[in-house]
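Novice: kindly return the folded structure for what I paste below:
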Amino acid sequence: MSGSSAAAELRRQGIPLRLSDFMKCAVAHYYGSRDPFGVVGDFVTAPEISQMFGEIIGLWAAVTWQSMGAPDEFLLIEFGPGRGTLMADLLRSAALVPAFRDGLRVHLVETSPTLRELQRKCLGDERVTWHDDPQTLPPGPAIMIANEFFDALPIDHYVRRDDGWHERLVTMRHDSFVFIDGPSVPAPFMAALDAPDAEPGQIFEVNSTGRSLATQLGQRFSREKGAALIIDYGHAETAVGESLQALSRHRKIAPLTQPGEVDLTAHVDFAALARAAAPAFSSKIISQSLFLRRLGIEVRADRLKAARPDQADAIHAACQRLIDPDGMGGLFKVLALASPDLNNLPGFAE
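Specialist: Numbers count the residues shown, from 1 in each chain. As a prediction, the model looks like this:
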């Protein structure tokens, strides 16, 4: 049993707990106390693998801005910006379109003081406004980026039994956190969550926080011009299955152990996000590999290799890692949400 402050706080909250409450506490402690990224951390994200990733996102944002009518001033928002690496690479590529670069105003949704300081150092003299909550974002035309953000939002589990669905709760047994079945859940409630058919013992994961945010974005984009690019690992269709996982030093461990000390995530249900964003436009859900290749990442890699021949092998390896359909390129999916008339966004057209 971990002696972390998160574990102590969870015990004080009382048990049993909803899984989402357990995750909310654990994730807040985890990100609030460390830099989890990179080889010496717990996991590596796409922006840390290569500058090409952020540059391609910058290209997407610039073309999307043009599709929005090239507003003189607009919000460039990133949810969960990590160390600030993606935003820094995006801003560098944005300089290729001066009016786009001049008009953007950077807003970062980040609750961790530790990561905010890293973002501040990474972005240097860039004027940045930080937000603890997406609801404090100001109005106006906006382009939003969420790379590996939704997977860290708290989820709830529902388990199918012979007598119907039950919410899966977290309790303590022998000084360890364990799952137990909670009370039965009415069938109309599960139908409202779009629960699919399931066999006894199967688990359905619901990211209510993510769905709520998608609803907020959909309502915003129905009022004013905007688009959001969501990149994360997950599945394109709503389905049963347990994906909750914990990572420590790049290795998986049991998800209820060491709360607040390990990375705790779950696969994103992209179809649920798209449904929640109605009546905003939702793109097709495509693989990261297809998205990056359509936007020219292989061409960008060739140019980088020509400019830095001594790093050609490393550049090639990084590009392949991002687009490998059997690795990140296939596991990670991409979804765009936008104002209804922005239905031809770059990277998604056949």
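Novice: any buried residues in stretch 309-319, and which?
Specialist: The neighbour-count check on stretch 309-319 (16 or more other C-beta atoms under 10 Å) flags 315, 318-319 as buried. For every residue, glycine as well, the C-beta is placed using N, CA and C.
Novice: which among those gets closest to A277?
Specialist: Of all those, C319 has the smallest distance to A277: 30.9 Å, by C-beta to C-beta.
Novice: what sits up against the strand or helix carrying that closest one?
Specialist: Here C319 is covered by helix 312-323, with elements defined by DSSP states H and E. With contact meaning C-beta atoms under 8 Å, 6 or more residues apart in numbering, helix 312-323 is reached by 46, 49-50, 52-53, 288-289, 292-293, 297-298, 301, 304-305, 308, 327-329.
Novice: ok, of those, which come out buried?
Specialist: For the contacts of helix 312-323, a burial check counting by 16+ other C-beta under 10 Å picks out 46, 49-50, 52-53, 288-289, 292-293, 297, 301, 304-305, 328-329.
Novice: max pairwise distance over these: which two?
Specialist: The span of those, defined through C-beta to C-beta, is set by Q288 and K305 at 21.0 Å.
Novice: how about the CA coordinates for the following helix or strand past the helix holding C319, as PDB?
Specialist: Moving toward the C-terminus from helix 312-323, the first helix or strand encountered (DSSP H and E) is helix 328-331. Output in PDB follows, covering the C-alpha atoms of helix 328-331 (Å, rounded to 0.1, in the frame of the first residue of the first chain):
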ATOM      1  CA  MET A 328       1.600   4.800 -32.100                       C
ATOM      2  CA  GLY A 329       0.300   5.500 -35.600                       C
ATOM      3  CA  GLY A 330      -2.400   2.900 -35.300                       C
ATOM      4  CA  LEU A 331      -3.200   3.100 -31.600                       C
END
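Novice: list the buried residues in the lowest-mean-pLDDT helix or strand in the chain.
Specialist: When the helices and strands of the chain are compared on mean pLDDT, DSSP states H and E, helix 5-13 comes out lowest with a mean of 80. By neighbour count, and taking 16+ other C-beta under 10 Å as the criterion, the buried residues in helix 5-13 are 6-7, 10.
Novice: for stretch 160-169, same thing?
Specialist: If you call a residue buried by 16+ other C-beta under 10 Å, then stretch 160-169 has these buried ones: 160, 165-169.
Novice: S289 in helix, strand or coil?
Specialist: Secondary structure state of S289, per DSSP: H, G, I helix; E, B strand; the rest coil, is helix.
Novice: residues in contact with it?
Specialist: For S289, the contacting residues are 322-325, 329-330, by C-beta under 8 Å, 6+ apart.
Novice: need those in CSV with pLDDT, can you?
Specialist: What follows is those, written out as CSV (pLDDT from 0 to 100):
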residue, pLDDT
L322, 98
I323, 98
D324, 97
P325, 97
G329, 97
G330, 97
